[in-house]
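> Let's see this in three dimensions:
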Amino acid sequence: GFDRSQYTPLETAYFVAKHPQQKVHLFMGSSTWCDDLLEWKILPQDGLEEKHLADLVSSFRARLFPTGLDLNPTKTSFLVCFHGVGSDSRRKQFFLAIKGKEISKQVKSTAVHLGCVYMDNCLGNDFGSTAEVKARLKAANSAWRHFWHLWTTAAVPLSIRMLIFRA
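Residues are numbered from 1 along each chain as shown. Take a look at the predicted model:
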């Protein structure tokens with residue numbers, strides 16, 4: 001909890017806020033930020049609903065709070081992967097069920113985490129590696145095209161171009 005005796009009255013006046021959910025006072029004079037958290041969860045196979053995703057956010061926030069961290073639920077993304085017999089029909093049913101709802105803005109078919117690409121079929125036979133390879137090839141092609149003038153000019157010696165190519 002917050003101990004007022006650790007701070008001056010001025011610090012307390014400017015840097016103390018009440019947490020909107022937990023209703024406790026927090027010192028905001030220093031902040032800890034944590035980006036790119038990735039958590040894998042196994043959810044019920046039948047009847048996955050919007051409520052399950054909201055419960056995941058609440059549960060995750062409850063586990064983060066004692067460490068002094070929190071997450072912004074509006075910036076949270078969900079990559080819902082279905083696997084096994086009937087996974088395609090369950091995926092379609094789920095996306096139809098959330099269509100037009102607020103949560104549908106947060107459910108993605110592709111997610112990037114620390115440079116790796118994950119797809120909603122990441123539990124398939126190739127574990128989503130096809131998407132990862134395609135994303136890396138696309139980035140490499142883009143970089144190659146970006147430097148096209150460098151690769152085709154005679155003004156830059158071939159040894160320099162090779163050095164850049166191998167970098």
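> Where do the strands of this structure begin and end?
16-18, 25-27, 78-79, 107-108, 110-113, 116-119 (DSSP state E).
> So what touches the longest helix seen in the chain?
The single longest helix within the chain, with elements called by DSSP state H, is helix 129-146. For helix 129-146, contacts defined as CB atoms under 8 Å, 6 or more residues apart in numbering pick out T110, C116, V117, Y118, M119, C122, W151. For glycine as for every other residue, the C-beta is placed from the backbone atoms N, C-alpha and C.
> Show me which residues of that helix are buried.
Buried residues in helix 129-146, defined by neighbour count with 16 or more other CB atoms under 10 Å: A131, E132, A135.
> what about this protein, any weak spots by pLDDT?
1-4, 7, 11-12, 14, 27-38, 40-48, 121-128 (pLDDT under 70).
> could you pull out the helices for it?
9-15, 50-64, 87-98, 129-146, 148-152, 158-166.
> With distance to H25 as added columns, please give those helices in a markdown table.
As requested, the helices of the chain are arranged in a markdown table below (distance: least, CB to CB, whole Å):
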| stretch | distance to H25 |
| --- | --- |
| helix 9-15 | 9 |
| helix 50-64 | 18 |
| helix 87-98 | 37 |
| helix 129-146 | 45 |
| helix 148-152 | 57 |
| helix 158-166 | 55 |
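> Can you report how many residues neighbour P73?
As a burial measure, P73 scores 12 neighbours (other CB atoms under 10 Å).
> Skip the chain neighbours and tell me the closest residue to it.
The shortest distance from P73 to any non-neighbouring residue, by CB to CB, 6 or more residues apart in numbering, is to V57 (5.0 Å).
> give the contact list for that neighbour.
So V57 contacts L71, P73, T76 (CB under 8 Å, 6+ apart).
> Closest to I164 out of the buried residues of helix 129-146?
Using CB to CB, A135 is the member of the buried residues of helix 129-146 that sits closest to I164, with 22.6 Å.
> ok, the contacts of V57 vs H52, which is closest?
For the contacts of V57, the nearest to H52 is T76 (13.5 Å; CB to CB).
> quick one, phi psi at that closest one?
Dihedral pair for T76: phi -80, psi 130, per degrees, to the nearest 10.
> Am I right that it is in contact with V107?
No - the criterion here is CB atoms under 8 Å, and T76 misses it with V107 at 10.3 Å.
> Show me which of the two is the more surrounded one.
V107 (17 against 14).
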